[in-house]
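>>> Below: sequence and its predicted model.
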Amino acid sequence: MEIKKGDTVEVVAGDDKGVRGSVNRIVAGRDRPRGRPAKGQGTLARDPNRDRVLVSGVNLVKKHQKPTGDVRTQAGIIEREAPIHISNVALVCPHCQQRTRVAHQSLENGKQVRVCKRCGQTID
Ligand SMILES: [Zn+2]
């Protein structure tokens, strides 16, 4: 996984191109097959909502919320974020502040860390 919750990302395609925000949630999607499909099994049906991220201030949609009688629910037209596909965002490196691709590096303790392809610094 190249992008994690709390990362700053930049939108690279679509209406919000160029906008930066922090990742509030990773949307994995439902019925995601575990591991690779068995040989000869072909392509499994994919959830269109999988591999998306919710980015603060990005991909705002207007939701028309009916009054439900619950005082905690805000009625009327609410603007909120909708998940954007992970391929449409790029990670912004916290060190060089540029959008970058990610390399993975294994540490001696067996853990993997992300490394900025531009400045070479560890991101995690
Ligand atoms: Zn960097």
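Here it is on my side, so go on.
>>> drop to CA atoms for contacts and neighbour counts, all remaining ones
Noted.
>>> What strands flank whichever strand in the chain runs longest, and is each parallel or antiparallel?
Looking across the chain with DSSP state E, the single longest strand is strand 20-27. Sheet pairing for strand 20-27, assigned by DSSP bridges, gives strand 8-11 (antiparallel), strand 52-55 (antiparallel).
>>> I'd like these laid out as CSV, including distance to the ion.
As requested, these are exported to CSV (distance: least, CA to the ion, whole Å):
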stretch, distance to the ion
strand 8-11, 12
strand 52-55, 20
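>>> For those strands, give me TSV that also has mean neighbour count and mean pLDDT.
TSV is the format used below for the strands paired with strand 20-27 (neighbours: other CA atoms under 10 Å; pLDDT from 0 to 100):
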stretch	mean neighbour count	mean pLDDT
strand 8-11	24	98
strand 52-55	24	96
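>>> so can I have CSV of these showing distance to residue 73?
Conversion of the strands paired with strand 20-27 to CSV gives the following (distance: least, CA to CA, whole Å):
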stretch, distance to residue 73
strand 8-11, 29
strand 52-55, 21
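>>> Figure out which of those strands is closest to residue 72.
Closest approach to residue 72 among the strands paired with strand 20-27 is made by strand 52-55 (22.6 Å; CA to CA).
>>> by contact count, what packs against the helix or strand just after the closest one?
Using DSSP states H and E, the helix or strand that directly follows strand 52-55 along the chain is strand 60-65. On a contact count with 3 or more CA pairs under 8 Å, 6 or more residues apart in numbering; DSSP states H and E, strand 60-65 meets strand 76-81.
>>> what packs against the next helix or strand after the strand it packs on?
Next in sequence after strand 76-81, counting helices and strands by DSSP H and E, comes strand 84-85. Strand 84-85 sits against strand 52-55, with contacts defined as 3+ CA pairs under 8 Å, 6+ apart.
>>> With just CA atoms, put the strand it packs on into CSV.
Output of strand 52-55 as CSV, limited to C-alpha atoms (Å, rounded to 0.1, in the frame of the first residue of the first chain):
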residue,chain,number,x,y,z
ARG,A,52,-10.5,4.6,-3.0
VAL,A,53,-9.5,7.2,-0.5
LEU,A,54,-11.4,9.9,1.3
VAL,A,55,-9.4,13.1,1.1
